[in-house]
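S.K.: Got a sequence here, can you model it:
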Amino acid sequence: MGQGSENGSSLPSFRTSLLRERVLGEVHARPFRPLTCPRTVLHYAFLTNAEEAARDHDWLSEFCMSRGVPGPASGNRHHTLTFGGGTLSWEQHAEFTTYTWDGSARPDQLFGQLAATHPFGAAFRAPGDLLVAVRLELREPVENEDWRSQFDESSLTVSNLEDGAATVVTDFRQDGDGLTRMLLFNRSLSGVQCGAVVQRLLEVETYRTLAMLGLFEATGLQPEIRRFEIELAEMTGQMKDAAALGTNQELLDKLSALAAALEAGATASAFRFGASRAYAEIVKARLETLREEAAPGDLSLASFLARRLAPAMRTCQAIEDRQAMLSRKLARATTLLRTRVDVELEQQNRSLLQSMNRRARLQLRLQQTVEGLSVAAVSYYVVGLISYLAKAAKDAGLPVPSANITTGLAVPLVVLLIWWVVRRIRKHHGEH
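M.R.: Model (predicted):
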């Protein structure tokens, strides 16, 4: 147990995790800023990779220094500063970066000329490719519905939020500036509640756009997957007729190449499909949090997005399922063909072993024949030596029979001796 703190606390001090401050700070990283009417909110989201995100962090730091305010600390992924009579917020995410600015607006003007005080002018440097651009106007409720002329009736959605405390209007279409227009009428929301609703609406538009990226990935993969399916069907048909080992090995090489190409495509698209599912879930969660209901006679945000986002997600899931099923089929076909090739190789090996056995038996017979001849040949030379010894002994006057008798008597003994020695040698080698 450690010592208490200087203020007299009796609680012990513990070793703190390096992630504790980051985890606790993340909860308060993106607080809802209070917003009051009238207000104009501009929101941009740019696709950025790691290199572009690092450059953007450096640029924002320099931008803040030029205005005499501190920039984001190293490693920070969010920052807020005052700009042009409003607030500029910067956030970095896994694959995109957002800039959001809110400033005062004229109460009698919905989507007129933007004030020149916004930061997205010539001095602004986009960190990557633009994906999301939103203009949200926050206003007090009005009696008439002249605002309908600002939207496309064919895709207009009007939803009451927070149990009727606010109403949001949008058609999800771009205006002349490339901005998706949203109009939010605040009836009884507090400043903090209004800021929370605005942030969630911006997140709905951002994440539903990001979720749709998976649809185009799936659409681009469809022709390739169809080609794989056709090639696999053709190869499995050839497998029924292929009998030669060379043909089966060629088919096996083609199947392996097809499987590698399929896995490469599946691996490349796995991130996009997974991210699209996650973004779609975020959109669903944000809509549930807004507690929206369609205004009488109009579509709600959820119903409009469900008709377009849900089919896109089902398409992504269908492509993933086809990839997985095709991968399993390829694996089964490859295993079947590899088994056939292995069986054919075993048959060839068995035939080769049988041929080697026949050759070994022939060699054994030849060896036995040669051994018989070698016994005769060695015996002949040994008997010859004995004959020379007998003649020499006779000439020397030793009491030995004649050389011919001695040689004749030595023949059977020498043959038996040589045969016995050769047999011992062969038996000795056989044991080892």
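S.K.: Quick one: mean pLDDT over the helix ranked longest in the chain.
M.R.: Assignment by DSSP state H gives helix 301-395 as the longest helix of the chain. Across helix 301-395, the average pLDDT comes to 82.
S.K.: Skip ahead from it and say which helix or strand is next.
M.R.: Where DSSP states H and E defines the elements, the next helix or strand beyond helix 301-395 is helix 403-431.
S.K.: Run through the helices of the stretch 101-250 of the chain in chain order.
M.R.: Taking DSSP state H, counting those that start in this stretch to define them, one finds helices in the stretch 101-250 of the chain at 191-211, 213-241, 245-290.
S.K.: Ranking those helices by mean neighbour count, which comes first?
M.R.: helix 191-211 (a mean of 21; mean count of other CB atoms under 10 Å). (Each C-beta comes from the backbone N, C-alpha and C, glycine too.)
S.K.: elements contacting that one?
M.R.: In terms of contacts (3 or more CB pairs under 8 Å, 6 or more residues apart in numbering; DSSP states H and E), helix 191-211 is packed against strand 39-47, strand 96-104, strand 129-139, strand 166-174, strand 180-186, helix 245-290, helix 301-395.
S.K.: Serialize those to CSV and add fields for distance to residue 78.
M.R.: CSV is the format used below for the helices and strands packed on helix 191-211 (distance: least, CB to CB, whole Å):
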stretch, distance to residue 78
strand 39-47, 14
strand 96-104, 9
strand 129-139, 17
strand 166-174, 25
strand 180-186, 22
helix 245-290, 17
helix 301-395, 26
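S.K.: So what's the residue count around residue 44?
M.R.: Using other CB atoms under 10 Å, residue 44 has 21 other residues around it.
S.K.: Could you pull out the buried residues of stretch 44-60?
M.R.: Residues of stretch 44-60 classed as buried: 44-48, 52-53, 56-57, 60 (neighbour count, 16 or more other CB atoms under 10 Å).
S.K.: CSV for the residues you listed, including distance to residue 375 and pLDDT?
M.R.: Shown next, in CSV, are the buried residues of stretch 44-60 (distance: CB to CB, whole Å; pLDDT from 0 to 100):
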residue, distance to residue 375, pLDDT
44, 103, 95
45, 99, 96
46, 97, 96
47, 92, 95
48, 93, 94
52, 92, 94
53, 92, 93
56, 97, 94
57, 96, 93
60, 102, 93
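S.K.: Let's have those in CSV, adding distance to residue 163.
M.R.: Listed next are these as CSV, based on distance: CB to CB, whole Å:
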residue, distance to residue 163
44, 31
45, 29
46, 35
47, 36
48, 38
52, 42
53, 39
56, 39
57, 40
60, 38
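S.K.: ok now the longest helix of the chain, how far from the chain's centre?
M.R.: 38 Å (CA atoms, centre = their mean, to the nearest Å).
S.K.: tell me the angle of that helix relative to strand 166-174?
M.R.: Counting by axes from the mean of the first three to the mean of the last three CA atoms, to 10 degrees, helix 301-395 lies at 60 degrees to strand 166-174.
S.K.: Show me what helix 301-395 is packed against.
M.R.: Going by 3+ CB pairs under 8 Å, 6+ apart, helix 301-395 lies up against strand 157-161, strand 166-174, helix 191-211, helix 213-241, helix 245-290, helix 403-431.
S.K.: switch to 6 Å and redo it
M.R.: strand 157-161, helix 213-241, helix 245-290, helix 403-431 (3 or more CB pairs under 6 Å, 6 or more residues apart in numbering; DSSP states H and E).
S.K.: In the protein, where is pLDDT below threshold?
M.R.: For the chain, the stretches with pLDDT under 70 are 1-11, 25-31, 240-246, 368, 372, 400, 429-432.
S.K.: Can you give me the domain boundaries for the protein?
M.R.: If you go by automatic domain parsing, the domain ranges for the chain are 28-189, 213-352, 361-431.
S.K.: Include distance to residue 21 when you put these into JSON lines, please.
M.R.: What follows is the domains of the chain, written out as JSON lines (distance: least, CB to CB, whole Å):
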{"stretch": "domain 28-189", "distance to residue 21": "11"}
{"stretch": "domain 213-352", "distance to residue 21": "26"}
{"stretch": "domain 361-431", "distance to residue 21": "79"}
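S.K.: So for residue 206, which of these sits nearest?
M.R.: Nearest to residue 206 among the domains of the chain is domain 28-189; the distance by CB to CB comes to 4.9 Å.
S.K.: mind checking how far the closest one is from the chain centre?
M.R.: Using CA atoms, centre = their mean, the offset of domain 28-189 from its chain centre is 33 Å.
S.K.: before we move on, what about stretch 280-295?
M.R.: Chain-centre distance of stretch 280-295: 30 Å, with CA atoms, centre = their mean.
S.K.: What is the neighbour count of residue 168?
M.R.: Neighbours of residue 168 (other CB under 10 Å): 24.
S.K.: meant to ask about residue 342, not that
M.R.: Applying other CB under 10 Å, we find 10 other residues in the vicinity of residue 342.
S.K.: any idea how far it lies from residue 252?
M.R.: Separation of residue 342 from residue 252 (CB to CB, to the nearest Å) stands at 10 Å.
S.K.: Same check on residue 385?
M.R.: 68 Å.
S.K.: Same check on residue 108?
M.R.: Counting by CB to CB, the gap from residue 108 to residue 252 is 75 Å.
S.K.: now swap in residue 303 and tell me
M.R.: Applying CB to CB, the value for residue 303 to residue 252 is 52 Å.
S.K.: The closest residue to residue 42 other than its chain neighbours: how many residues sit nearby?
M.R.: Distances taken as CB to CB, 6 or more residues apart in numbering place residue 101 nearest to residue 42, at 4.9 Å, with adjacent residues excluded. Residues near residue 101, counting by other CB under 10 Å, number 20.
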